[in-house]
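# got a structure for you, letters missing:
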């Protein structure tokens, strides 16, 4: 039996004139979060909302003199479901990155004013629009949300209690740690760090954020509202190091590499970054299942840790 259809595809043909029609349809599809998988073929995850939205787009195309079809489909050969999901993640990540760059630019300017607060409100509104279309958990969502939260705190400073001496959080034992599916560098490295240095008996659950229902006993990492996730300009790996007071020069070097790959800001300018980034991308490309990705990444990180540990 063929697999159940998972996608709606809009296959269309638009006449060359009027020229504005192609631009109008392209913008409409972009607002829906659809991605192009071939010329004139756009995909959305199958749902009743997606069916209705694409029907409206098809009506616009036909009224403009074009034609098209909406197909309920599964990918059997060629493109895999995971590859299509990666196309959606890449589209959202590009939008998250634009927001993050503007947030960093605002942070560098120093003292806040009313204009900055208005710009932040626009960025937060734009962030909400992108999140609504982030069907499969873009990799840049957590870093961007961390930047916006830090920026909001700077622009609206709250009354802070007297500083207290930082205490190390107790290490969990055999907890269930939850993160987004499609793990990449920060989640790979954070899961490795958890199992090797924080919770040796850790169990991992990889979920889609939109359908995940949080349980009180579970610990979330690199997820929105998670117990351990991006804070300001710190990636999740760095937050875990700080939370559990893991003061280890080799781990600090790894954290700098993970930071530069994940946040794409070259803050630490680690010379190892390009090679490790290629390795991480290779693991993600070769292995669709998160357990496989974690196993491969953990073996590489074990060796990288030993190398950093012995290197002066």
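Yes, it's here. None of the values given here were measured: they were computed from a predicted structure.

# show me where pLDDT drops low in the chain?
1-5, 110-113, 157-168, 312 (pLDDT under 70).

# domain parsing of it, as residue ranges.
Following automatic domain parsing, the chain resolves into domains at 7-73, 81-155, 176-310.

# can you show me the strands along the stretch 1-150 of the chain?
7-13, 35-38, 41-45, 67-73 (DSSP state E, counting those that start in this stretch).

# quick one, which of the ones you listed is packed in tightest?
Greatest average neighbour count among the strands of the stretch 1-150 of the chain goes to strand 41-45 (a mean of 21), per mean count of other Cβ atoms under 10 Å. (Each C-beta comes from the backbone N, C-alpha and C, glycine too.)

# quick check: residue 288 touching residue 84?
No. Between residue 288 and residue 84 there is no contact, the gap being 11.5 Å when judged by Cβ atoms under 8 Å.

# run a quick neighbour tally on the closest residue to residue 284 other than its chain neighbours.
Spatial nearest neighbour of residue 284, excluding adjacent residues (Cβ to Cβ, 6 or more residues apart in numbering): residue 184 at 5.9 Å. Applying other Cβ atoms under 10 Å, we find 21 residues neighbouring residue 184.

# for residue 192, which residues are in contact?
Applying Cβ atoms under 8 Å, 6 or more residues apart in numbering to residue 192 gives the contacts 294, 297, 298, 301, 302.

# how about residue 175?
Taking Cβ under 8 Å, 6+ apart, one finds 199, 202, 203, 217, 218, 219 in contact with residue 175.

# count the neighbours of the spatially closest residue to residue 35 that is not a sequence neighbour for me.
With sequence-adjacent residues excluded and distances taken as Cβ to Cβ, 6+ apart, residue 35 is closest to residue 87, at 4.7 Å. When neighbours are defined as other Cβ under 10 Å, residue 87 has 14 of them.

# same thing with residue 104?
14.

# how about the helices of the protein, start to end?
Taking DSSP state H as the criterion, the chain carries its helices at 19-32, 48-63, 81-108, 114-132, 141-155, 185-193, 236-243, 249-263, 273-286, 290-310.

# residue 42 is nearest to which of those helices?
For the helices of the chain, the distance to residue 42 is smallest for helix 19-32, at 5.3 Å, taking Cβ to Cβ.

# would you list the strands of the stretch 1-150 of the chain in TSV and tack on distance to residue 251?
Formatted as TSV, those follow (distance: least, Cβ to Cβ, whole Å):
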stretch	distance to residue 251
strand 7-13	41
strand 35-38	37
strand 41-45	38
strand 67-73	45
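
# residue 151 is nearest to which of those?
strand 35-38 (28.9 Å).

# given the closest one, what are its sheet partners and their directions?
strand 41-45 (antiparallel) (DSSP bridges).

# how far out from the middle of the chain is the strand it pairs with?
20 Å (Cα atoms, centre = their mean, to the nearest Å).

# same question for stretch 274-291.
15 Å.

# and what of stretch 35-51?
That offset, for stretch 35-51, works out to 20 Å (Cα atoms, centre = their mean).

# what does stretch 285-298 give?
On Cα atoms, centre = their mean, the centre of stretch 285-298 falls 17 Å from that of its chain.

# likewise for stretch 33-46?
The chain centre lies 20 Å from the centre of stretch 33-46; the measure is Cα atoms, centre = their mean.
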